[in-house]
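# Okay, here's the prediction I keep looking at, along with the sequence it came from:
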Amino acid sequence: MFATLVAVLVITIFGYIINTISKPRNFPPGPKWYPFVGSSAVVQKTTMQYGSQWKAFSNLAKEYSTKALGLKLGSEQVVVVFGEKNIRQVFTEKEFEGRPDSFFIRLRCLGKRLGITFVDGPMWREHRQFTVKHLKNVGFGKTAMEKEIQNELANILEYIEKNRKSPINPKLILAMSVMNILWKFTAGERIEQERLSYILELFTKRSKAFSIAGGWLNLWPWIRFIIPDLSGYNLIKNLNQQISDIIKDAIIKHKNGTVQGSDFIYTFLQEMKENNNNFFHEEQLNTICLDILIAGSQTTSNVVEFAILCLIRYKAIQEKVYHEIKSTIGDNEPNWTDSNRLLYTMAFLLEVQRFYTIVPLAGPRRVLQDTTIDNYYIPKNTTVLLAVGDVHFDTEIWDEPHKFIPERFLDSNGNLIKTDHFYPFGMGRRRCPGDSLAKSFIFITFVGIVQKYKVESTNGVLPPEEPIIGLISGARPFTVEFIPRS
Ligand code: HEM
């Protein structure tokens with residue numbers, strides 16, 4: 001009897017192991033799968049070697065001569081797609097519209113499958129539509145939003161003026177401005193300064209500590225009980241707690257009428273009151289606010305920070321940008337309409353977003369039904385990541401992609417070229433809903449700074465060009481000197 005039990009146990013374990021290391025037939029090529037860890041060890045090793053998970057995937061894809069790389073990270077089957085054809089397929093076809101449901105994602109979403117970014121199906125459709133409509137109504141892409149951005153620009157300029165006797169690291173002030181704008185449209189007010197600095201510090205740590213696939217914590221969620229700090233678990237818990245507290249406070253203020261207006265929380269609470277819609281409840285409101293803050297804050301401020309980095313690395317280009325601004329709008333306060341006239345400046349900002357792709361690895365997506373990419377079989381529920389950063393450096397699309405050349409976005413008459421090979425905000429039905437806010441913030445803030453100051457590296461030492469790539473791309477810490485223009 002005992003021997004039979006042992007035999008059954010051994011066969012079961014053996015069967016389980018065989019199952020975990022067997023690839024589905026015609027699955028995309030990639031490293032070997034080992035019991036329990038899949039191909040995680042190779043991915044970790046390559047990530048250490050190349051400095052980011054995106055670069056690791058790119059190099060593995062080259063090694064296996066494929067544009068669809070098949071992996072297993074822990075127990076999750078993952079396919080990373082490369083090349084414009086495959087990336088457009090995943091961005092636009094319905095079967096790739098899902099989001100995975102993993103431990104890491106639930107942790108990010110306060111323990112539930114809620115919000116917009118990490119849900120799919122009817123819940124995602126309804127809330128994405130509601131949020132996009134609201135953002136448009138309250139002024140995303142309109143004058144009201146522009147006014148808010150101009151107010152934040154005034155704060156940034158005041159900060160620079162007060163502190164410019166010493167070198168300035170632009171990161172914090174830019175991040176604070178974006179957060180304040182996002183919060184104004186979400187909750188109708190700014191966030192208290194001290195709280196905001198602390199949250200931004202946690203955001204930076206989070207972005208560095210995790211890759212898009214969630215790192216160790218996603219592979220082996222139980223490690224949070226053994227190394228809660230080292231695994232990043234405590235960091236995310238703390239961040240969630242801090243942001244949730246702010247959101248909860250805002251909801252209470254809206255309920256007792258302390259804050260009034262037409263912001264997102266107000267509109268959502270109205271919808272809850274007026275329509276008996278099961279999808280609209282406070283936990284969902286909480287998570288959408290979290291989605292907006294997480295998806296919109298560092299992505300946007302990092303672009304302006306990279307733009308400042310490029311100004312100091314390419315001095316002649318800085319002068320060209322400045323002269324265009326000066327000769328076109330003079331000392332007038334910049335607004336989004338000026339983007340139709342400041343074409344070299346626009347080309348510069350587009351080149352910044354190509355050269356430093358903020359989301360080089362987009363997704364994750366969950367495959368909703370069995371499908372194929374490049375004739376490889378992709379089973380339902382596979383996680384798909386899109387190597388957008390590779391398209392932005394593809395030599396078949398761009399001349400000398402590793403050089404910073406704003407002119408590549410201009411034609412021979414100096415007009416902006418509309419390129420289809422550029423995906424900073426993704427495309428298709430999951431395209432970034434915050435792109436108009438991001439574009440306006442980036443343009444107005446950047447023009448406002450260059451209009452008033454020449455930006456130089458501290459003590460003539462150029463900061464490193466290479467970004468830090470975790471969940472998103474960010475500049476390595478650097479300081480600059482702001483010298484007033486006449
Ligand atoms: C330069 C700044 C930004 C960049 C580069 C960026 C990039 C992206 C990209 C590439 C996606 C698509 C992911 C996918 O296809 O799976 C996305 C989605 C998203 N973004 Fe942005 N984003 C930026 C700013 C913002 C802002 C300001 C907001 C907030 C208003 C925002 C909110 C979102 C949300 C909620 C999603 C998820 C949409 C969905 O799943 O349906 N983003 N973003």
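Arrived safely, thanks for sending. Note that the structure is a prediction, hence the values are computed from the model and not measured.

# Next one: the closest residue to the ligand within the chain relative to F443, how far apart?
The nearest approach of the chain to the ligand comes at G434, 2.2 Å away (CB to the nearest ligand atom). Just so you know, the C-beta spots here come from the backbone N, C-alpha and C atoms, and that holds for glycine as well. Distance check for G434 against F443: by CB to CB, to the nearest Å, it reads 14 Å.

# if we can go back for a sec, quick one, what contacts the residue of the chain closest to the ligand?
Residues near G434 by CB atoms under 8 Å, 6 or more residues apart in numbering: 135, 140, 292, 295-296, 300.

# those strands in the stretch 301-450 of the chain, which residues are they?
Ranges of strands in the stretch 301-450 of the chain, per DSSP state E, counting those that start in this stretch, are 362-366, 371-373, 376-378, 383-386.

# The first one packs against which elements?
With contacts defined as 3 or more CB pairs under 8 Å, 6 or more residues apart in numbering; DSSP states H and E, the packing partners of strand 362-366 are helix 84-92, strand 383-386.

# angle of it against helix 84-92?
Interaxial angle, strand 362-366 versus helix 84-92 (axes from the mean of the first three to the mean of the last three CA atoms, to 10 degrees): 60 degrees.

# For strand 362-366, which residues meet the burial criterion?
Buried residues in strand 362-366, counting neighbours by 16 or more other CB atoms under 10 Å, are found at 362-366.

# is that strand anywhere near the ligand?
Yes. Using CB under 6 Å from any ligand atom, we find that strand 362-366 touches the ligand at 362-363.

# next one: that strand to chain centre, how far?
Distance, stretch centre to chain centre, for strand 362-366: 12 Å (CA atoms, centre = their mean, to the nearest Å).

# average pLDDT for that strand?
For strand 362-366, mean pLDDT is 94.

# contacting residues for the nearest residue to W220 once chain neighbours are set aside?
Using CB to CB, 6 or more residues apart in numbering and skipping the chain neighbours, the partner closest in space to W220 is G74 (6.6 Å). By CB under 8 Å, 6+ apart, the residues touching G74 are 36-38, 40, 218-220.

# Go back to the contacts of G434 and keep what's next to the ligand.
When CB under 6 Å from any ligand atom is applied, the members of the contacts of G434 adjacent to the ligand are 292, 295-296, 300.

# Kindly list the longest helix within the chain.
As assigned by DSSP state H, the longest helix anywhere in the chain is helix 282-313.

# Now do the buried residues in that helix.
Across helix 282-313, burial judged by 16+ other CB under 10 Å covers 284-312.

# List, one by one, the residues from the stretch 151-300 of the chain near the ligand.
Selection of the stretch 151-300 of the chain residues close to the ligand by CB under 6 Å from any ligand atom yields 291-292, 295-296, 299-300.

# Recalculate using a threshold of 8 Å.
Within the stretch 151-300 of the chain, the positions adjacent to the ligand are 178, 182, 185, 288, 291-292, 295-297, 299-300 by CB under 8 Å from any ligand atom.

# Among those residues, show me the least confident.
Lowest pLDDT of these: F185, 85.
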